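Enquirer: Requesting a structural model of the entry that follows:
(one chain, ligands or ions: 2)
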Amino acid sequence: MDSFAVICTASLLAGGLYFFVFGFGSAEVKGKRAVNLTGGSIDKEKIQDNYKQYWSFFRHPKEIEKADKVPAFVDTFYNLVTDIYEWGWGQSFHFSPSLPGKSHREATRIHEERAVDMLGVKPGARILDVGCGVGGPMRAIAAHSKANVVGITINEYQVKRARMHNKKVGLDTLCEVVCGNFLQMPFADNSFDGAYSIEATCHAPKLEEVYKEIYRVIKPGSYYVSYEWVTTELYQHEDPEHVEIIHGIERGDALPGLRSYKDIAEVAKQVGFEVVKEKDLAKPPSNPWWTRLKMGRIAYWRNHILVTILAFLGIAPKGTVDVHEMLFVTADYLSQGGEKGIFSPMHMILCRKPEE
Ligand SMILES: C=C(CC[C@@H](C)[C@H]1CC[C@H]2C3=CC[C@H]4[C@H](C)[C@@H](O)CC[C@]4(C)[C@H]3CC[C@]12C)C(C)C
Ligand SMILES: C[S@@+](CC[C@H](N)C(=O)[O-])C[C@H]1O[C@@H](n2cnc3c(N)ncnc32)[C@H](O)[C@@H]1O
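Expert: Ligands and ions are numbered 1, 2, ... in the order given. Got it, this is the predicted structure:
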């Protein structure tokens, strides 16, 4: 081969590799690159062990019932998945109904703004984001409502990421992030003008514990809105296929046990809230939320090959391949749950704390 052919072949290979790594892939512009994947706050060498520990939790279902162990187990989960989520999904760790003619990013933002609009808060109000992740919703909500948003997450690594993103887009004056447990929040009674949670309270072993805390910290007369993960009226616990799908969702998403849609309003009332509105936002006329998951399948394969190569080269931590595989499988269970209509990640409830 003459040198011209060598140069052409090498350029083609390099171009192809660049396209494979940075070019085609999931629909969202991301802040994370595959070469920067970490295990959150966990040391690189300990990721595989932590992943095994995560799985062992499900081998001892009795442990899951021990509510006090759940926050630590959820924290481990988010150390393992946060970078992969940001890389492959974006900064908002939730679903939204797809909207014809709108991108995933726009549909996500609209779903987030819808939540704060229900709170009816004015610019300058102080609102709480319960389980804020790396702050995708918090930034959209602060920019849209001009409210001051305080987010709480159990995961220290997410706090770092969220603060970094807030600063980067100049929203650090409106957005504050606190590391803590939403079952025992470090906030004074009656100190917020409203609160919201987006696909986060499903991690609470007992919903009443987190709802009670939210009730305590918001002011009388103010509102709380939540997008809850639930099994729907179509779920039949005697159908083994349904049970397998729901267990698959629980295992791949660090859930101590999915609740039935029927339980949500009951718990809200039990802790003292008035239920103003309740609606499953996944139901028609909404378009399916799971199409994004299904459309991403080719990208997931590409991602899996990439993660495997990077782990082999020692660039990505070894356990990343296992974690990625777990998410791959989970994506399938989630889509099945959506398609069969037995699971919804957006059962919306709007509550009001009565005036004293
Ligand atoms: C609310 C929660 C998280 C919901 C979603 C944000 C995530 C649930 C499943 C995740 C993913 C599955 C497949 C991954 C894919 C294999 C990888 O290549 C790129 C990232 C995924 C698309 C990843 C992204 C986030 C999810 C969609 C729970 C935890 C309560
Ligand atoms: C699926 S993420 C959703 C994040 C964010 N709401 C979003 O939509 O991008 C769930 C969030 O709940 C947080 N979380 C789970 N259990 C928690 C607990 N006990 N205390 C505080 N945060 C918790 C996780 O750390 C994570 O940030």
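
Enquirer: which parts of this protein sit against ligand 1?
Expert: Within reach of ligand 1 by Cβ under 6 Å from any ligand atom, the chain has these residues: 84-85, 88-89, 93-94, 199, 202, 253-254, 296, 300, 303, 324, 327-328, 330-331, 334. For the C-beta atoms, the positions are set from N, CA and C on the backbone; glycine is no exception.

Enquirer: Give me the buried subset of the residues you listed.
Expert: 84-85, 88-89, 93-94, 199, 202, 253-254, 296, 300, 303, 324, 327, 330-331, 334 (16 or more other Cβ atoms under 10 Å).

Enquirer: coming back round to it: mind listing which of the residues of the chain next to ligand 1 are in helices?
Expert: The members of those that map onto helices under DSSP state H are 84, 85, 88, 300, 303, 324, 327, 328, 330, 331, 334.

Enquirer: Can you tell me the closest non-neighbouring residue to the fifth one?
Expert: Same thing as residue 303. Nearest non-adjacent residue to residue 303, counting by Cβ to Cβ, 6 or more residues apart in numbering: residue 88, 6.0 Å away.

Enquirer: who's in contact with the residue nearest in space to the middle of the chain?
Expert: Against the mean C-alpha coordinate of the chain, by Cα atoms, centre = their mean, the closest residue is residue 93 at 3.1 Å. By Cβ atoms under 8 Å, 6 or more residues apart in numbering, residue 93 lies in contact with 85, 133, 134, 136, 199.

Enquirer: so how far is residue 132 from it?
Expert: Distance, residue 93 to residue 132, using Cβ to Cβ, to the nearest Å: 9 Å.

Enquirer: still on that earlier bit, show me which pair in the contacts of residue 93 is furthest apart.
Expert: Largest separation among the contacts of residue 93 by Cβ to Cβ: 134 and 199, giving 13.4 Å.

Enquirer: is stretch 74-85 anywhere near ligand 2?
Expert: Yes: using Cβ under 6 Å from any ligand atom, stretch 74-85 comes into contact with ligand 2 via 74, 78.

Enquirer: Quick one: residues in contact with that stretch.
Expert: 32, 36-42, 47, 50-51, 53-54, 93, 133-134, 153-158, 161, 203, 253-254, 319-320, 323-324, 327.

Enquirer: Now, these that are in helices?
Expert: Per DSSP H, these map to helices at 47, 50-51, 53-54, 156-158, 161, 320, 323-324, 327.

Enquirer: right, and out of these, which lies closest to residue 263?
Expert: residue 54 (25.7 Å).

Enquirer: Could you give the number of residues near that closest one?
Expert: 22 (other Cβ atoms under 10 Å).

Enquirer: Now name the helix or strand holding the closest residue to it other than its chain neighbours.
Expert: Distances taken as Cβ to Cβ, 6+ apart place residue 76 nearest to residue 54, at 5.5 Å, with adjacent residues excluded. Assessed by DSSP states H and E, residue 76 sits inside helix 70-88.

Enquirer: Run the chain-centre distance for that helix.
Expert: 9 Å (Cα atoms, centre = their mean, to the nearest Å).

Enquirer: Beyond it, next helix or strand please.
Expert: Taking DSSP H and E, what comes next after helix 70-88 is helix 104-119.

Enquirer: what's the distance between that next one and the middle of its chain?
Expert: So, by Cα atoms, centre = their mean, the centroid of helix 104-119 is 15 Å from its chain's centroid.

Enquirer: Which residues does it contact?
Expert: Under Cβ under 8 Å, 6+ apart, the answer for helix 104-119 is 27-29, 90, 92, 94, 96-99, 102, 127, 136-137, 140-141, 144-145, 147, 193-196, 198, 222-225, 227, 277, 281, 292, 346, 350.
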